[in-house]
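S.K.: coordinates only, sequence not included:
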C-alpha cells in the first residue's frame, strides 16, 4: 500500500508543482497593445511646397519695374531738336503743353492746358502727324517729349507723365529743367 500511496502522492505532487499559472483577467480591462507608430508626413510636405510656391510668386510679383529715362547731357552743348519734332509739357500746379519753340508758342498763344489723359491723345495725334507727312523722315520715332517740372509740380504728376510717355510708345523723352521764362509764365498761371 505504501507503494501505491507513495505513487499517488508523487503523482499528485507532480501535479501540484507543475500546474500552469492561470492568467488573471479583470472584467472590462484590456491589455494595452503596443504597435509601431507611423506618422504620415505627406500633408506636411504638400503644405511646405505650397508655401514655397506662394513666397516665390509673391516675391516675383513684388519686384520693381524699371523704366529707361533719357536725361540731357551735362557735358558739352545741348542736343538740337527740330521744332516740328518737339512736344513740351510744363508741369506745375496745372500742366500745360506746347509744340516747337517756347518763344514762338507764347507769341502765337499756343500754350494749352493739359491733363494726363489729354496728353495721351495729343501724343497720338502728334505721332500720326509725323507719320503721315512726307517731310518728316524719322516719323513717329523722331518725336521728342520734353517734360519740364517746376518747383510746384507734384511727384505723382511727374510719374504720371512718364507713364503716359511709356503708354504712348514715345521713343525719346526726357526730364528737363524749365527755363526761367517758362517758370515765370507758370507762376502767372497758378
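M.R.: All right, it came through fine. Note that the coordinates shown come from a computational prediction; the quantities given were computed from them, not determined experimentally. Residues are numbered from 1 along each chain as shown.

S.K.: now the strands for this structure?
M.R.: Remark: strands assigned in the chain by DSSP state E are 86-91, 95-99, 112-114, 144-149, 172-175.

S.K.: for the second one, name the packing helices and strands.
M.R.: When you say that, I think you mean strand 95-99. strand 86-91, helix 102-108, strand 112-114, helix 116-132 (3 or more Cβ pairs under 8 Å, 6 or more residues apart in numbering; DSSP states H and E). Every residue, glycine included, has its C-beta placed from N, CA and C.

S.K.: apply 6 Å and report the result again.
M.R.: Applying 3 or more Cβ pairs under 6 Å, 6 or more residues apart in numbering; DSSP states H and E, one finds that strand 95-99 contacts strand 86-91, strand 112-114.

S.K.: and for the last one, what's in contact with it?
M.R.: Meaning strand 112-114. With Cβ atoms under 6 Å, 6 or more residues apart in numbering as the test, strand 112-114 has contacts from 94-97.

S.K.: quick check, nearest of those to residue 183?
M.R.: residue 96 (12.1 Å; Cβ to Cβ).

S.K.: wait, isn't that closest one in contact with residue 110?
M.R.: No - using Cβ atoms under 6 Å, residue 96 is not in contact with residue 110; the gap is 10.4 Å.

S.K.: what is the nearest of the contacts of strand 112-114 to residue 176?
M.R.: The shortest approach to residue 176 among these belongs to residue 97, at 13.7 Å (Cβ to Cβ).

S.K.: which residues touch that closest one?
M.R.: Residue 97 touches 89, 112, 114, counting by Cβ under 6 Å, 6+ apart.

S.K.: and those residues, which are buried?
M.R.: Buried members of the contacts of residue 97, scored by 16 or more other Cβ atoms under 10 Å, are 89, 114.

S.K.: how about the contacts of residue 97 in JSON lines, adding pLDDT and distance to residue 105?
M.R.: Putting the contacts of residue 97 into JSON lines (pLDDT from 0 to 100; distance: Cβ to Cβ, whole Å) gives the following:
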{"residue": "89", "pLDDT": "86", "distance to residue 105": "12"}
{"residue": "112", "pLDDT": "86", "distance to residue 105": "9"}
{"residue": "114", "pLDDT": "83", "distance to residue 105": "13"}
